[in-house]
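> turn this into a structure:
(4 chains)
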There are 4 protein chains.
Amino acid sequence: MSLLINFSIFPLDKGESVSQYVARAVKIIKDSGLICELGPMGTSIEGEWDEVMDVVTRCFEELKRDCSRVYLGITGDYRKKGKDRITAKVKSVEEKL
Amino acid sequence: MSLLINFSIFPLDKGESVSQYVARAVKIIKDSGLICELGPMGTSIEGEWDEVMDVVTRCFEELKRDCSRVYLGITGDYRKKGKDRITAKVKSVEEKL
Amino acid sequence: MSLLINFSIFPLDKGESVSQYVARAVKIIKDSGLICELGPMGTSIEGEWDEVMDVVTRCFEELKRDCSRVYLGITGDYRKKGKDRITAKVKSVEEKL
Amino acid sequence: MSLLINFSIFPLDKGESVSQYVARAVKIIKDSGLICELGPMGTSIEGEWDEVMDVVTRCFEELKRDCSRVYLGITGDYRKKGKDRITAKVKSVEEKL
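Take a look at the predicted model:
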């Protein structure tokens, strides 16, 4: 089984440039050891539900330390069968192009 | 402090009509006792991070019992100050119309 | 046929309180005459694709007049059959609770 | 100025495997000539508002030809200054890691 999410998180009270806050979240994701891929509109993460949600929770806790408003988006795609979906999904589409 | 989310979850392997699956998730949300509001494109839920995410997790576990592919979307808005934001946000916008 | 969307839009360069900007978008949506419903995490809008997207475009143009960074989210659900889905979807779930 | 979106679209009435439908949308995006990047949870597209939304509209029209229910998600990030943001945003975060 495999849960794949796209995750984005950023503060609303720090002005227009938020990449230093995003980087603090991305560091937590990378350090987690989960399979992940940084993209222009979010980071894709693959794993079991509990481990993925644990990482998301730690990113949120990191930002709320010094941000008074935080926005986040998660889209998730769970499939009973399948693994390495972070690369398999793109490959499956590209084969059909 | 207050976390407000919009949450939607549905199976991809059950055909075009998914409301019976959505209803199983909504029942869990309502039974949780958290402040919530059912809308046409998702359910808004307000609470502490852990209690909101616990409900989301239980909805996911309910659907994965008999669904082989599940899609979900969460958008979250956390604010250090504020409560009853599920009604206050709409009121704040309407006052400015 | 019927397209139903949830739509949210807000600036990132105006600090933590953004309801006056959200209100400018909501005014455009309401004045459009399309069926809509203001919620805590976005506004639901129902209509034909072109008329819904035209309203979204006008909201974006309104905010970019004086905002240097704008974030927006759209989730859409199109169904060939069905109308008044903005109320019918909620009713369909509530009947199954 | 630059609009960057993450875009996903898929049918709900075609069962669990939807990559052939996703591929039809991705083909339209790639053929548009806009800067784009296929990811595991959506395709990032960069351009002017009208050209990006025109591509999204054509993807929707392609799928509704033979799908009776279609779900789509768009998250957009507009910035007055900046270009090549599809690569610049990731680079800006990676520099801070």
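
> going forward, measure contacts between C-alpha atoms and count neighbours the same way
Noted.

> can you list the residues of chain A near chain B?
Proximity of chain A to chain B, by C-alpha under 8 Å from any C-alpha of the partner chain, involves residues A:68-81.

> could you list the low-confidence segments of chain A?
Low-confidence segments of chain A, defined by pLDDT under 70, are located at A:1.

> strands of that one, start to end?
Applying DSSP state E to chain A gives strands spanning A:2-11, A:35-39, A:42-47, A:69-79.

> could you dump those to TSV with mean neighbour count?
Supplementary listing: the strands of chain A in TSV, determined by neighbours: other C-alpha atoms under 10 Å in any protein chain shown:
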stretch	mean neighbour count
strand A:2-11	24
strand A:35-39	19
strand A:42-47	24
strand A:69-79	21
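
> and of the ones you listed, who's closest to D:D13?
When those are compared by C-alpha to C-alpha, strand A:69-79 sits nearest D:D13, at 16.5 Å.

> what helices or strands is that closest one leaning on?
Helices and strands touching strand A:69-79, by 3 or more C-alpha pairs under 8 Å, 6 or more residues apart in numbering or on different chains; DSSP states H and E, are strand A:2-11, strand B:69-79.

> now for the helix ranked longest in chain A, which elements pack on it?
In chain A, assigned by DSSP state H, the helix with the most residues is helix A:49-64. Here helix A:49-64 touches strand A:2-11, helix A:19-31, going by 3+ C-alpha pairs under 8 Å, 6+ apart.

> mind checking which of the ones you listed is nearest B:A23?
Closest to B:A23 of the helices and strands packed on helix A:49-64 is strand A:2-11 (C-alpha to C-alpha; 22.0 Å).

> is that closest one positioned near chain C?
No - counting by C-alpha under 8 Å from any C-alpha, chain C has no neighbours in strand A:2-11; the shortest distance is 8.5 Å.

> chain D contacts on chain A?
Taking C-alpha under 8 Å from any C-alpha as the measure of proximity, chain A contacts chain D at A:4-6, A:19-20, A:22-24, A:26-27, A:38-41, A:44, A:75, A:85-87, A:89-90, A:92-94, A:96-97.

> quick check on these: which are buried?
Buried by 16 or more other C-alpha atoms under 10 Å in any protein chain shown: A:4-6, A:19-20, A:22-24, A:26, A:38-41, A:44, A:75, A:85-86, A:89-90, A:92-94, out of the residues of chain A next to chain D.

> tabulate the helices and strands packed on strand A:69-79 (TSV), appending distance to B:V52.
Written out in TSV, the entries for the helices and strands packed on strand A:69-79 read as follows (distance: least, C-alpha to C-alpha, whole Å):
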stretch	distance to B:V52
strand A:2-11	17
strand B:69-79	10
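
> how about A:T87: what's its closest non-neighbour residue?
D:P40 (6.8 Å; C-alpha to C-alpha, 6 or more residues apart in numbering or on different chains).

> is it true that the one you found touches A:S92?
No - with contact defined as C-alpha atoms under 8 Å, D:P40 and A:S92 do not form a contacting pair (10.2 Å).

> quick revisit: which of the helices and strands packed on strand A:69-79 sits closest to A:E62?
Smallest distance to A:E62 across those (C-alpha to C-alpha): 10.8 Å, for strand A:2-11.

> which residues touch the closest one?
A:18, A:21-22, A:25, A:41-49, A:52, A:56, A:60, A:63, A:67-83, A:85-86, D:41 (C-alpha atoms under 8 Å, 6 or more residues apart in numbering or on different chains).

> can you show me the CA trace of that strand as CSV?
Backbone C-alpha positions of strand A:2-11 (Å, rounded to 0.1, in the frame of the first residue of the first chain) are rendered in CSV as follows:
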residue,chain,number,x,y,z
SER,A,2,1.1,3.5,-0.7
LEU,A,3,0.1,7.0,0.2
LEU,A,4,1.4,9.8,-2.0
ILE,A,5,0.8,13.4,-1.1
ASN,A,6,1.6,16.8,-2.4
PHE,A,7,2.2,19.2,0.5
SER,A,8,2.7,22.9,0.7
ILE,A,9,2.9,25.1,3.7
PHE,A,10,3.8,28.8,4.1
PRO,A,11,3.1,31.8,6.5
